[in-house]
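Engineer: Sequence isn't available, so here's the structure alone:
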């Protein structure tokens, strides 16, 4: 069965939206994204100072956000600098807007 381009785009957009929604399904991840948006970039240690959570917990939330494509990490030995993935952030905003409209 041949799938139409429209069907493929629908499936990809739906999967992307679900991936983003899952990553945003925890209040700490939303707070991390808001913080990153206001700071542009920061290190894990900076987030540990902002949020009353263990570094391992912050790292796990960062991993989930990174796996969803909402943030990106740049290795700056011995630390990792995190910032919002602007391209995927724009896609996420568009998909959520379309979903709620």
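Structural biologist: Nice, thanks for sending it over. On a predicted model such as this, the values are computed, not experimentally measured, just so you know.
Engineer: Next, please give the residue ranges for the helices of the protein.
Structural biologist: Assignment of helices within the chain using DSSP state H yields the ranges 5-23, 27-39, 44-50, 55-67, 86-100.
Engineer: JSON lines please, covering these and showing mean neighbour count.
Structural biologist: For every residue, glycine as well, the C-beta is placed using N, CA and C. Conversion of the helices of the chain to JSON lines gives the following (neighbours: other CB atoms under 10 Å):
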{"stretch": "helix 5-23", "mean neighbour count": "13"}
{"stretch": "helix 27-39", "mean neighbour count": "15"}
{"stretch": "helix 44-50", "mean neighbour count": "15"}
{"stretch": "helix 55-67", "mean neighbour count": "16"}
{"stretch": "helix 86-100", "mean neighbour count": "13"}
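Engineer: Looking at those, spot the one closest to residue 79.
Structural biologist: Closest to residue 79 of these is helix 44-50 (CB to CB; 6.8 Å).
Engineer: which residues are contacting the closest one?
Structural biologist: Contacts made with helix 44-50 from outside it, assessed by CB atoms under 8 Å, 6 or more residues apart in numbering, are listed as 32, 35, 39, 54-55, 58-59, 62, 79-80, 82.
Engineer: at 6 Å what do you get?
Structural biologist: The set of residues that contact helix 44-50 without belonging to it, under CB atoms under 6 Å, 6 or more residues apart in numbering, is 55, 58.
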